[in-house]
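Student: give me a model of this one.
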Amino acid sequence: MQAQEPLTILIAEDSAADRLLLSTIVRRQGHEVLTAANGAEAVEVFARQQPHLVLMDAMMPVMDGFEAARQIKALAGETLVPIIFLTSLTESDALVRCLDAGGDDFLAKPYNQVILAAKIKAMDRLRRLQATVLQQRDLIAKHHDYLLNEQRVAKAVFDKVAHSGCLSAPNIRYLQSPYALFNGDLLLAAYTPAGDMHVLLGDFTGHGLPAAVGAMPLAEVFYGMTAKGYGLAETLREMNAKLKRILPVDMFCCATLLCLSFQRRSVEVWNGGMPDGYLHRVETGERVPLPARHLPLGVLSPQAFDDRTEVQTMAVGDRVFLLSDGVIDTTDAEERLFGVERLQQLFAANRQPDDLFVEIERALEEFRGEPRDDVSMVEVSLLDATQITPSPPVYSDSGQSSPLDWSVSFEYRGATLKRFNPLPYLLQLLQEVHGLRAQSGALYSVLAELYSNALEHGVLGLDSSLKRDASGFAHYYEQRNSRLEALQEGYVRVHLDVKPREKGGCLIIRVEDSGKGFDVSRVMNRPLEDVRLSGRGVSLVRQLGRNACWSDDGRSARVEFFWEIEA
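Tutor: Coordinates of the predicted model:
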């Protein structure tokens, strides 16, 4: 019976008659045959030819089959090369010796070709299974190393962004104890141009890297708008809108945002979904709760978002205490919660306000069992204005001086397409146009779809229908990587044309490729809301851009973006 795929099989047998018989049987089954007359010759042939499977006689001159099997297994290393011993031995000890020497099975003489064929198929299945396991193990190890390296790099960047403000200021004490490598709690602090201090304590849904994903854009908005002098309301609206736009529907950020004014001696507070904060008035011992009165950031639409804040007066030495729910949800070895009541008891027992933060920190450490969430708390004191020395704010370009009547063209050819991603550069170039900055997300999505379609389906000739399911999706990108690595010719051209208009401007994007094109009419007839893994790029471009069209049998795409000058 013909095997599904021919194998190369080494037959090591000192009997010429048996060698001939076995060779005939194996060839009839569709396999290629190598032969050896003794164990030493079998090892030499194996090292030179690397057969898939070995039929090994146990008793041979020069070197017996047992020693030859051991040497072949050593040469094969992790690769499974099944060895079937050919033996007339019947004693149990002798058969055990065959297996101890590295044999995977044995076949008794005289040979039955049906049984031999079945054993060869069984050993081939085992060999393929081993190869698959080794391949998957190597892929998992490589992916694991890749993820660890990504997390190390991301962690370094995350820490620099999150801690780029004034957390080292003399009036701030804080504790952050992440449950995972990344902290889902976010603590930010920065001075405004007027010398006030903005402080944000946030708690993203979950913990670890997924919870920290939203921290980067949130920190960007916080630091950028604080440096430009925006108040809490404007900053909150921008943070909420950004998180609402970029986060999945099941992710949001509970947050408390403060504006501590050293000149006015007051604190402005917005609490969205965080545990109660507390304003501790040192002179009277009063603790004013700062409860959550709003939904978390990223839940409500910009139109429904409530940016109203509360203002409390403060005296020098007064302090605001904020905490994440990881503090009150901390459990001991018996799964009892630390809870609000224990926290209140610590407040009540405190006699030295300067020691309160340390007392809470020590109580948590003594109470804590296995951590279940990120733990963060911060204490911000009001100092005399003369004790605060804010660093000068850094302002970025407003974009008002950028040119508004220009065009540029790029042609990316084989060697460049293999290793260069032009999208960040193109987007950065377009962001020099102030009117386009509000559409950066749509711009990037359209550019990414047009460029990837031109490269993958045009230049590389990949079939998007492969992405109809998860396995096909993986296979698609395997093909993409291999074809991209072998790419020698072809091109993708990108043309950007910015034109001023009476009340704004227009951007025209054209992307061309050297591919075979596609059936434009068939793709354009698909419903815009059609959601699938494959074929969604054209619909996305049509939804996000204006007047999207394709020509030259799909090899040339054109889309427009408009903006208006705000009154």
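Student: how about residues contacting the helix or strand Thr24 falls within?
Tutor: According to DSSP states H and E, Thr24 maps onto helix 16-28. Contacts to helix 16-28, defined as C-beta atoms under 8 Å, 6 or more residues apart in numbering, come from residues 9, 11, 13, 33, 35, 37, 55, 57, 86, 109, 111, 113, 116, 120. All C-beta spots, glycine's among them, are computed from the backbone N, C-alpha and C.
Student: which ones are touching Tyr491?
Tutor: Contacts were defined as C-beta under 8 Å, 6+ apart; by that measure Tyr491 touches Glu411, Tyr412, Arg413, Gly414, Leu417, Val459, Asp513, Ser514.
Student: list phi and psi for it.
Tutor: The phi/psi pair for Tyr491 (degrees, to the nearest 10) reads phi -150, psi 160.
Student: one step back: and the helix holding Thr24, which residues are buried?
Tutor: By neighbour count with 16 or more other C-beta atoms under 10 Å, helix 16-28 contains the buried residues Asp18, Arg19, Leu21, Leu22, Ser23, Ile25, Val26.
Student: outline the domain layout of this protein.
Tutor: 8-134, 163-387, 406-564 (automatic domain parsing).
Student: and those domains: which comes nearest Glu150?
Tutor: Across these, Glu150 has its closest neighbour in domain 163-387 (9.2 Å, C-beta to C-beta).
Student: what number of residues are in the vicinity of Arg48?
Tutor: Applying other C-beta atoms under 10 Å, we find 9 other residues in the vicinity of Arg48.
Student: any idea how far Arg413 is from it?
Tutor: Noted for Arg48: a distance of 44 Å to Arg413, by C-beta to C-beta, to the nearest Å.
Student: same thing with Ser452?
Tutor: 17 Å.
Student: Ala363 too?
Tutor: In this view, Ala363 and Arg413 are 65 Å apart by C-beta to C-beta.
Student: distance from the chain centre to the helix ranked longest in the chain, please.
Tutor: Using DSSP state H, we find that the single longest helix of the chain is helix 113-162. From the chain centre to the centre of helix 113-162 is a distance of 19 Å (C-alpha atoms, centre = their mean, to the nearest Å).
Student: could you do stretch 223-242 as well?
Tutor: Remark: stretch 223-242 is offset 27 Å from the chain centroid, using C-alpha atoms, centre = their mean.
Student: kindly export it (C-alpha atoms) in CSV.
Tutor: What follows is stretch 223-242, C-alpha atoms only, in CSV (Å, rounded to 0.1, in the frame of the first residue of the first chain):
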residue,chain,number,x,y,z
TYR,A,223,1.1,66.3,30.9
GLY,A,224,0.4,68.1,27.6
MET,A,225,-2.7,69.9,28.7
THR,A,226,-1.3,70.7,32.2
ALA,A,227,1.8,72.2,30.7
LYS,A,228,-0.3,74.4,28.4
GLY,A,229,-2.4,75.7,31.3
TYR,A,230,-5.7,73.9,30.8
GLY,A,231,-7.8,73.5,33.9
LEU,A,232,-9.3,70.3,35.3
ALA,A,233,-12.5,70.5,33.3
GLU,A,234,-10.8,70.7,29.9
THR,A,235,-8.2,68.1,30.8
LEU,A,236,-10.9,65.7,32.1
ARG,A,237,-13.0,66.2,28.9
GLU,A,238,-10.0,65.4,26.7
MET,A,239,-8.9,62.4,28.7
ASN,A,240,-12.5,61.0,28.8
ALA,A,241,-12.9,61.5,25.1
LYS,A,242,-9.6,59.9,24.3
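Student: could you give me the buried positions within it?
Tutor: Buried residues in stretch 223-242, counted by 16+ other C-beta under 10 Å: 223-228, 230-233, 235-242.
Student: quick one on the thing from earlier: let me have the contacts of helix 16-28 in TSV, extended by distance to Asp325, neighbour count and secondary structure.
Tutor: What follows is the contacts of helix 16-28, written out as TSV (distance: C-beta to C-beta, whole Å; neighbours: other C-beta atoms under 10 Å; DSSP: H, G, I helix; E, B strand; the rest coil):
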residue	distance to Asp325	neighbour count	secondary structure
Ile9	66	25	strand
Ile11	71	25	strand
Glu13	74	23	coil
Val33	71	18	strand
Thr35	74	18	strand
Ala37	77	17	coil
Leu55	68	30	strand
Asp57	72	26	strand
Leu86	70	24	strand
Lys109	75	12	coil
Tyr111	73	15	coil
Gln113	72	15	helix
Leu116	68	18	helix
Ile120	63	24	helix
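Student: could those go into CSV alongside pLDDT?
Tutor: As requested, the contacts of helix 16-28 are arranged in CSV below (pLDDT from 0 to 100):
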residue, pLDDT
Ile9, 92
Ile11, 93
Glu13, 91
Val33, 93
Thr35, 92
Ala37, 92
Leu55, 93
Asp57, 89
Leu86, 85
Lys109, 79
Tyr111, 81
Gln113, 84
Leu116, 88
Ile120, 89
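Student: dump the residues you listed to JSON lines, plus distance to Arg368.
Tutor: Listed next are those as JSON lines, based on distance: C-beta to C-beta, whole Å:
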{"residue": "Ile9", "distance to Arg368": "63"}
{"residue": "Ile11", "distance to Arg368": "67"}
{"residue": "Glu13", "distance to Arg368": "70"}
{"residue": "Val33", "distance to Arg368": "69"}
{"residue": "Thr35", "distance to Arg368": "70"}
{"residue": "Ala37", "distance to Arg368": "73"}
{"residue": "Leu55", "distance to Arg368": "64"}
{"residue": "Asp57", "distance to Arg368": "67"}
{"residue": "Leu86", "distance to Arg368": "66"}
{"residue": "Lys109", "distance to Arg368": "70"}
{"residue": "Tyr111", "distance to Arg368": "70"}
{"residue": "Gln113", "distance to Arg368": "70"}
{"residue": "Leu116", "distance to Arg368": "66"}
{"residue": "Ile120", "distance to Arg368": "61"}
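Student: for Leu544, state which of these is nearest.
Tutor: Nearest to Leu544 out of the contacts of helix 16-28 is Ile120 (C-beta to C-beta; 58.0 Å).
Student: contacting residues for the closest one?
Tutor: Ala3, Leu7, Ile9, Val26, Gln29, His31, Leu53, Ile84.
Student: and with 10 Å instead?
Tutor: Residues near Ile120 by C-beta atoms under 10 Å, 6 or more residues apart in numbering: 3, 7, 9, 25-26, 29, 31, 52-53, 55, 82, 84, 105, 107.
Student: I'd like the distance between it and Leu34.
Tutor: Taking C-beta to C-beta as the measure, Ile120 falls 14 Å from Leu34.
Student: for this structure, name the helix or strand with the lowest mean pLDDT.
Tutor: helix 208-212 (a mean of 68; mean pLDDT, DSSP states H and E).
Student: how many other residues sit next to Gly277?
Tutor: Residues near Gly277, counting by other C-beta under 10 Å: 23.
Student: swap in the one 4 residues further on?
Tutor: Number of residues near Arg281 (other C-beta under 10 Å) recorded here: 17.
Student: list the contacts for it?
Tutor: By C-beta under 10 Å, 6+ apart, the contact list for Arg281 reads Arg287, Val288, Gln312, Thr313, Met314, Ala315, Gly317, Asp318, Arg319, Pro353.
Student: and if you look at Leu86?
Tutor: By C-beta under 10 Å, 6+ apart, the neighbours of Leu86 are 11-13, 15, 18, 22, 55-60, 65, 98, 106-109, 111, 116.
Student: what is it paired to in the beta sheet?
Tutor: Asp57, Leu107 (DSSP bridges).
Student: and it, how far is that from Leu260?
Tutor: Separation of Leu86 from Leu260 (C-beta to C-beta): 87 Å.
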